[in-house]
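>>> Got a sequence here, can you model it:
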Amino acid sequence: MVTVRSLPTLRVYPGPDATVAVLGGEIDFVAAKELRKDVDRLIASKPKALLLDLFAVDFLDSSGIAMLLRIQRAVAGDGSGSVTVGAASRAAWRTFELCGLLELFGMEPSSGAA
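This next block holds a predicted model:
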């Protein structure tokens, strides 16, 4: 049996009030490396408000969490910006919950997953 890996994607939609970043696929060590340039461009755009859509994330490991924490620190680390998860797959939500990161990313502990 062959396992097909769900390719990682990052699409960024700048808006007048917030930038929306839509992440999808399997976000693991390999994906984090593949998405590095896209993440660098997102950070360089200096969004004041960033809304993360993780609804299409099939898998999220510690490398994916490290990538998201890097984005969070760059955008909101000094208090001038904000990063919020607006939607999350069950897999992504569970990883945030296990890592104790729900509050940092503006996710309600009782909201469960989409």
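
>>> buried sites along the lengthiest strand in the chain?
Across the chain, the strand with the greatest residue count (assigned by DSSP state E) is strand 49-60. Neighbour-count burial for strand 49-60, with 16 or more other C-beta atoms under 10 Å as criterion, is recorded at Leu50, Leu51, Leu52, Asp53, Leu54, Phe55, Ala56, Val57, Asp58, Phe59, Leu60. For the C-beta atoms, the positions are set from N, CA and C on the backbone; glycine is no exception.

>>> Can you give me the neighbour number for Gly106?
Burial of Gly106, expressed as a neighbour count using other C-beta atoms under 10 Å, amounts to 13.

>>> Look up how far Arg36 lies from it.
As for Gly106, its distance to Arg36 is 24 Å (criterion: C-beta to C-beta, to the nearest Å).

>>> contact partners of the helix or strand harbouring Arg70?
Secondary structure here is read from DSSP states H and E; on that basis Arg70 sits in helix 62-76. Counting by C-beta atoms under 8 Å, 6 or more residues apart in numbering, helix 62-76 makes contact with 21, 27-29, 31-32, 35, 39, 42-43, 46-47, 50, 52, 57, 81-83, 95-96, 99, 101, 104-105, all of which sit outside it.

>>> hmm, try it at 6 Å
Under the criterion C-beta atoms under 6 Å, 6 or more residues apart in numbering, residues Ile27, Asp28, Phe29, Ala32, Ile43, Leu50, Gly81, Ser82, Val83, Cys99 lie in contact with helix 62-76.

>>> List only those of those flagged as buried.
Among these, the ones that count as buried by 16+ other C-beta under 10 Å are Ile27, Asp28, Ala32, Leu50, Gly81, Ser82, Val83.

>>> If we go by neighbour counts, what in stretch 38-51 is buried?
Under the neighbour-count criterion of 16+ other C-beta under 10 Å, stretch 38-51 has Asp38, Val39, Leu42, Pro47, Leu50, Leu51 buried.
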